[in-house]
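1. Below is the sequence, then the predicted model.
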Amino acid sequence: MKSMKYNVSWMFALCITTGLQAQTMRWTPVNTPSKFGNCSFMEDKANRSQCYVLEYIPAVSGVLTSYTAGFFVSCTSLGSAISENQSCAMSSNVRMVNGCSSVGQVLMSSSGNTGSAINNKIEAGVPVILHQVCLTIPFGETVTIEEDPVTDLSTSVDVVGGTYTTEYPSFETATFRRIRFDEDLVATFLDFQGRPAGVRIAQLDWSASPERDITSFSIERSFDGEIFEVIGEVPAVDEDQRIGIYQFFDRAAQFGDNFYRLRQIGGQGQETFSPVRKIVFEEYPFAVTASPNPVKERLSVTINHATEAGTVALIDVSGQERVTTTFEMRQSGIEIEVDKLEAGIYTLRVRSGKDAYTEKIAVIK
């Protein structure tokens, strides 16, 4: 049995379904043209665009002043699937780092701040819509949205009595698929992605339409992008009415560039090649450590293998940069004074060229 309850503000509530627990976040589709606060959702069939909303169920009542959310979004055969990334409830604090060519994912920050009592009142257990993301997914491909464990998910809520609380909602990985209707055709590659899965370990994932006349997939690797060699073979599944899902691990990749492609072998000997995917393994990857955490007076930040000069920032729950400093490419250590900051949870953000690192830092008194 379902019950419906609406907030009086424009942060629209959704249905409360039996079994949903408080203090959760999830991405869910928008099936009909809708408007939530700043966000309008209209499916663009010509461009294969579909919008999804970030639904938050709080465990407390009060005023939601800000939220921080970071996700990894898988790429499609066309690259990044993200066409919109916007807060519906507050001022947007968004950012995307495109790693489709290297790790097959986009790091997406979907955050908002400047919430007020005028339009951001929330009730415990009542869902509200915080954010929208619109994805352009080619037919037959899938996009997965996973939580970024570094950025994490958090909300800041002013509660009765002049105090505030921080919630850390749970999240389940969301998978969205655009179905392909071409069952009369021979097997066709729907998506093929590669990503690092460890030190010199490449993970290859792909799917194919119903394999009526396909016997196997041959995995080929190249170090220069021109000369390929076979490194493995995966048999095709024999299910006419289902999309085949496949995975292969190359545990002998090299540091630097690794190029991969799939050779699809048919029952009559015909061959079809997939697009080429590149996975890069850095021998000395960008790395950051911060200590102590929690910190009271001085935070030590160690930066290793920065390829460019960069910035270090401490950001509060509202999204405001409270401390900002720069570092040179060969500089390995920075000291940040935090004794003048209020106690609470901050986000440490370190950027150097295309490399980025974030971590939650607790400041205590």
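-> Perfect, thanks for sending it.

2. how about low-confidence regions in the stretch 201-350 of the chain?
-> 209-213, 238-243, 266-270 (pLDDT under 70).

3. all strands of it, in order?
-> 202-208, 214-222, 229-235, 244-250, 256-266, 271-273, 277-281, 287-291, 298-304, 310-315, 321-327, 333-337, 344-352 (DSSP state E, counting those that start in this stretch).

4. Comparing these, which stretch has the densest surroundings?
-> Highest mean neighbour count among the strands of the stretch 201-350 of the chain (mean count of other C-beta atoms under 10 Å): strand 202-208, with a mean of 22. In short, each C-beta sits where N, CA and C put it, glycine included.

5. could you say what helices and strands it packs with?
-> strand 189-196, strand 214-222, strand 244-250, strand 256-266 (3 or more C-beta pairs under 8 Å, 6 or more residues apart in numbering; DSSP states H and E).

6. quick revisit: could you provide the strands of the stretch 201-350 of the chain in JSON lines, with additional columns for distance to residue 107?
-> Below are the strands of the stretch 201-350 of the chain laid out as JSON lines (distance: least, C-beta to C-beta, whole Å):
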{"stretch": "strand 202-208", "distance to residue 107": "17"}
{"stretch": "strand 214-222", "distance to residue 107": "26"}
{"stretch": "strand 229-235", "distance to residue 107": "29"}
{"stretch": "strand 244-250", "distance to residue 107": "22"}
{"stretch": "strand 256-266", "distance to residue 107": "21"}
{"stretch": "strand 271-273", "distance to residue 107": "30"}
{"stretch": "strand 277-281", "distance to residue 107": "16"}
{"stretch": "strand 287-291", "distance to residue 107": "15"}
{"stretch": "strand 298-304", "distance to residue 107": "19"}
{"stretch": "strand 310-315", "distance to residue 107": "16"}
{"stretch": "strand 321-327", "distance to residue 107": "19"}
{"stretch": "strand 333-337", "distance to residue 107": "23"}
{"stretch": "strand 344-352", "distance to residue 107": "12"}
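
7. out of those, which comes closest to residue 127?
-> Across the strands of the stretch 201-350 of the chain, residue 127 has its closest neighbour in strand 344-352 (23.9 Å, C-beta to C-beta).

8. The closest one vs strand 321-327, what angle?
-> Here the directions of strand 344-352 and strand 321-327 differ by 30 degrees (axes from the mean of the first three to the mean of the last three C-alpha atoms, to 10 degrees).

9. Which strands border strand 344-352, and is each parallel or antiparallel?
-> Using DSSP bridges, the strands paired with strand 344-352 are strand 310-315 (antiparallel), strand 355-363 (antiparallel).

10. Residue 279 is nearest to which of the ones you listed?
-> Residue 279 lies closest to strand 355-363 among those, at 16.6 Å (C-beta to C-beta).

11. Give me the contact list for that closest one.
-> Strand 355-363 is touched from outside by 70, 97, 107, 150-152, 286-288, 290, 293-296, 299, 306-307, 310, 314, 338, 341-351, with contacts defined as C-beta atoms under 8 Å, 6 or more residues apart in numbering.

12. Now that strand: buried residues?
-> Across strand 355-363, burial judged by 16 or more other C-beta atoms under 10 Å covers 355-361, 363.

13. Can you give me the distance of the residue nearest the centre of the chain to residue 222?
-> Nearest residue to the geometric centre of the chain (C-alpha atoms, centre = their mean): residue 72, 1.8 Å. Counting by C-beta to C-beta, to the nearest Å, the gap between residue 72 and residue 222 amounts to 27 Å.

14. picking that back up, among the strands of the stretch 201-350 of the chain, which is nearest residue 30?
-> Across the strands of the stretch 201-350 of the chain, residue 30 has its closest neighbour in strand 202-208 (24.9 Å, C-beta to C-beta).

15. for residue 60, what are its contacts?
-> With C-beta under 8 Å, 6+ apart, residue 60 has these contacts: 122, 124, 157, 159, 165, 167.

16. which of those residues are buried?
-> Buried subset of those (neighbour count, 16+ other C-beta under 10 Å): 122, 157, 167.

17. Check what pLDDT the last one gets.
-> Among the per-residue scores, residue 167 holds a pLDDT of 92.

18. partner residues bridging it?
-> With DSSP bridges as the rule, residue 167 is bridged to residue 155.

19. Over to residue 106?
-> residue 73, residue 98.

20. For it, give its distance to residue 95.
-> For residue 106, the distance to residue 95 equals 10 Å [C-beta to C-beta].

21. Among these two, which residue is more densely surrounded?
-> residue 106 (22 against 15; other C-beta atoms under 10 Å).

22. Check what pLDDT that one gets.
-> Reading off the confidence values, residue 106 has pLDDT 93.

23. distance of it from residue 205?
-> In terms of C-beta to C-beta, residue 106 sits 16 Å off from residue 205.

24. before we move on, what about residue 249?
-> 10 Å.

25. Compile the contacts of residue 60 into TSV and extend it with columns for secondary structure and distance to residue 263.
-> Formatted as TSV, the contacts of residue 60 follow (DSSP: H, G, I helix; E, B strand; the rest coil; distance: C-beta to C-beta, whole Å):
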residue	secondary structure	distance to residue 263
122	strand	54
124	coil	56
157	strand	54
159	strand	60
165	strand	56
167	strand	49
